[in-house]
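**Q** how would this look folded up:
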Amino acid sequence: MKLYKASEANMLFDGASLVLYMCGITVYVANIVKGLRVVTEGSYGLDADGKPIEGEMLESGSTVVMGRDDSLRVLAASNTIMAVILMGILILQAGQWYAQKKEAAEIEEMDRIAEEKKAAKAGHPAEKGKGQGEKKKQ
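**A** Numbers count the residues shown, from 1 in each chain. You can find the predicted model right below:
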């Protein structure tokens, strides 16, 4: 929703967050779901037809399911990748919050300076009174 008529910050931070989120979904579906199915079925060392593996690739050309150790390594690596992706999303969102906060502070400072310059140009009576009162006290 933030990308509809988005500001520049939304396009950059939220766009990058969406890209990371889509990468996370891809890793989840491609590796984690398949890995968990293999673990729950216990079909280690079997090809896609359920026959025991006699070599790396069967002559029929069917795909080979990885062994137990390899499946668990892929699952662990996928979980690590997911953690990094989700951390990246959190960092991007925190960066957006910080950038918006900093921008608001800078705009407030520029407005304050502009008002001071206007008051000095217009010869604001309150400003003159303060300056004269200070001179008399000295």
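**Q** low pLDDT regions in the protein?
**A** Of all residues in the chain, those with pLDDT under 70 make up the ranges 1-3, 6, 43-66, 124-138.
**Q** if you set the cut-off to 90 instead, what comes out?
**A** Scanning the chain with the threshold set as pLDDT under 90 gives 1-18, 28-76, 96, 99-100, 119-138.
**Q** now do the helices in the chain.
**A** Using DSSP state H, the helices of the chain run over 8-9, 15-27, 34-41, 68-122, 125-137.
**Q** let's have those helices in JSON lines, adding mean neighbour count.
**A** Quick note: C-beta positions are derived from backbone N, CA and C, even for glycine. Listed next are the helices of the chain as JSON lines, based on neighbours: other C-beta atoms under 10 Å:
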{"stretch": "helix 8-9", "mean neighbour count": "12"}
{"stretch": "helix 15-27", "mean neighbour count": "15"}
{"stretch": "helix 34-41", "mean neighbour count": "14"}
{"stretch": "helix 68-122", "mean neighbour count": "13"}
{"stretch": "helix 125-137", "mean neighbour count": "9"}
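**Q** got a list of what the nearest residue in space to residue 13 that is not next to it in sequence touches?
**A** Take residue 13 and drop its neighbours on the chain: the residue closest to it by C-beta to C-beta, 6 or more residues apart in numbering is residue 96, 3.7 Å away. Taking C-beta atoms under 8 Å, 6 or more residues apart in numbering, we find residue 96 in contact with 9, 10, 13, 14.
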